[in-house]
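# I need the structure of the sequence given here:
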Amino acid sequence: MNELQNININDLNVMSNEPYQVKFTNTLSKTTQRTYRSDITNFFKAFFGIKKFEDITDIMILKVDIDMANEWKRQMIQKGLKPATINKKLAAMESFYKYLCRRNVPINVPYNPFSSEEGCDRIKNAIVNYSEKTDLSGEEVEMILNMIPQTCDNKMKNLINKRDYIAITFMLATGVRRDELTGIKLGDFSDAHGSKVVKVLGKGKKYRVIKVPNSIYNNICQYAELRYLTMNDTEEYMLSPHTPNLGIRVRGLRMSNTSVNNLVDKYVKAAGLEGRNITPHSFRHTFCTTSLRKDGIRIEDVQDEMGHSKVETTRRYDHINRTIENSTTDYVAKQFGL
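Alright, predicted model coming up:
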């Protein structure tokens, strides 16, 4: 760690003329942006004393070496962080430096100090235990959905109930991520081979097309009508925020990720399942495991539906589907015609 001892913070105040740090994060989804910016900032804060992401300078970037990378890993281990968490933080830094090494940036980054090839090894046996993640049984799904009133005399409450029902069933029946759900617009729906499909913007700003059950699409149309919209209002979001201040005729606003978290918590607690650690991702997770149970399904097809860049990620769910209750698959198939 001799390199660390020789660093003079006064030499590190020259900002790059090109905001390539920002350009790097702009290639990522919003959730990944926040995570990577936080991880990258925390590294440079630990070694260079910066306060925010934009304070990272060329000199700082060039001074980072393998010793620093491994020292950061050692510090995280000492703090008691889980191996999977440490590896994710190392992966964020590796991605950042991979971008700097490959792209035409104003500085010459000679190598990636966070890559395993250069000596920054990941912690072994740090694979996420997917079996510990929450898969929902058919009975639990039904209990949650039954907590959402289907009809109500109050127009605002009726609107919110319809939206919430769509949010949960859409995640369960399509496997979309929370960010993807809130970003869908009415204009993203279309017809393909006699079925309704939706174009979804996923991680890495990559689009994929997903089949949408007719029952859910019909609910979306009804929800749009309650908002005095039609499916031809292509720039309006599928899900909107609704408060007394905003009213029913909300235009151009998307539902927030926090609101999705809150509505899931609301109905999970109402169903008496608060001890099950059910989150929006639980519905995506359940979709994947139930999809893998289908007869004749190819894992590559499920990979495409989930938007996984690597089939290995999808395969981690494969061992779970042998133990997940048949009730979930049966319920989802019956409820949404899948």
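# make it CA atoms for all contacts and neighbour counts henceforth
OK.
# what residues are up against Glu118?
By C-alpha atoms under 8 Å, 6 or more residues apart in numbering, the contact list for Glu118 reads Ile66, Asn112.
# could you measure from Asp65 over to Val109?
11 Å (C-alpha to C-alpha, to the nearest Å).
# typo on my end, it should be Asn70
From Asn70 to Val109 the distance is 18 Å (C-alpha to C-alpha).
# measure the nearest residue to Lys51 once chain neighbours are set aside to Ile66 for me?
Residue nearest to Lys51 in three dimensions, not counting chain neighbours: Lys45, with 6.4 Å by C-alpha to C-alpha, 6 or more residues apart in numbering. Counting by C-alpha to C-alpha, the gap from Lys45 to Ile66 is 17 Å.
# just Arg293 next, same as before
44 Å.
# all the helices of the stretch 1-150 of the chain, residue numbers only.
Remark: helices assigned in the stretch 1-150 of the chain by DSSP state H, counting those that start in this stretch are 2-5, 20-25, 30-48, 58-63, 66-78, 83-102, 138-146.
# would you format those helices as JSON lines with distance to Met238, mean pLDDT and mean neighbour count included?
Converted to JSON lines, the helices of the stretch 1-150 of the chain look like this (distance: least, C-alpha to C-alpha, whole Å; pLDDT from 0 to 100; neighbours: other C-alpha atoms under 10 Å):
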{"stretch": "helix 2-5", "distance to Met238": "51", "mean pLDDT": "36", "mean neighbour count": "10"}
{"stretch": "helix 20-25", "distance to Met238": "26", "mean pLDDT": "66", "mean neighbour count": "16"}
{"stretch": "helix 30-48", "distance to Met238": "18", "mean pLDDT": "87", "mean neighbour count": "17"}
{"stretch": "helix 58-63", "distance to Met238": "42", "mean pLDDT": "89", "mean neighbour count": "16"}
{"stretch": "helix 66-78", "distance to Met238": "41", "mean pLDDT": "89", "mean neighbour count": "16"}
{"stretch": "helix 83-102", "distance to Met238": "31", "mean pLDDT": "85", "mean neighbour count": "19"}
{"stretch": "helix 138-146", "distance to Met238": "19", "mean pLDDT": "86", "mean neighbour count": "17"}
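# now stretch 240-260, how far from the centre of its chain.
21 Å (C-alpha atoms, centre = their mean, to the nearest Å).
# how is the protein carved up into domains?
Per automatic domain parsing, the domain ranges recorded for the chain read 2-127, 131-336.
# let me know the secondary structure of Asn245.
Three-state assignment for Asn245 (DSSP: H, G, I helix; E, B strand; the rest coil): coil.
# show me where the protein has its strands.
189-192, 195-201, 207-212 (DSSP state E).
# and the longest one, average pLDDT?
If you average the pLDDT over strand 195-201, you get 94.
# partners of that strand, with directions?
Applying DSSP bridges, strand 195-201 is found paired with strand 189-192 (antiparallel), strand 207-212 (antiparallel).
# so which of those strands is the most packed in?
Among the strands paired with strand 195-201, ranked by average contacts under mean count of other C-alpha atoms under 10 Å, first place goes to strand 207-212 (a mean of 17).
# sorry, back to before: quick one: closest of the strands of the chain to Val141.
Comparison of the strands of the chain against Val141 by C-alpha to C-alpha identifies strand 207-212 as nearest, at 18.4 Å.
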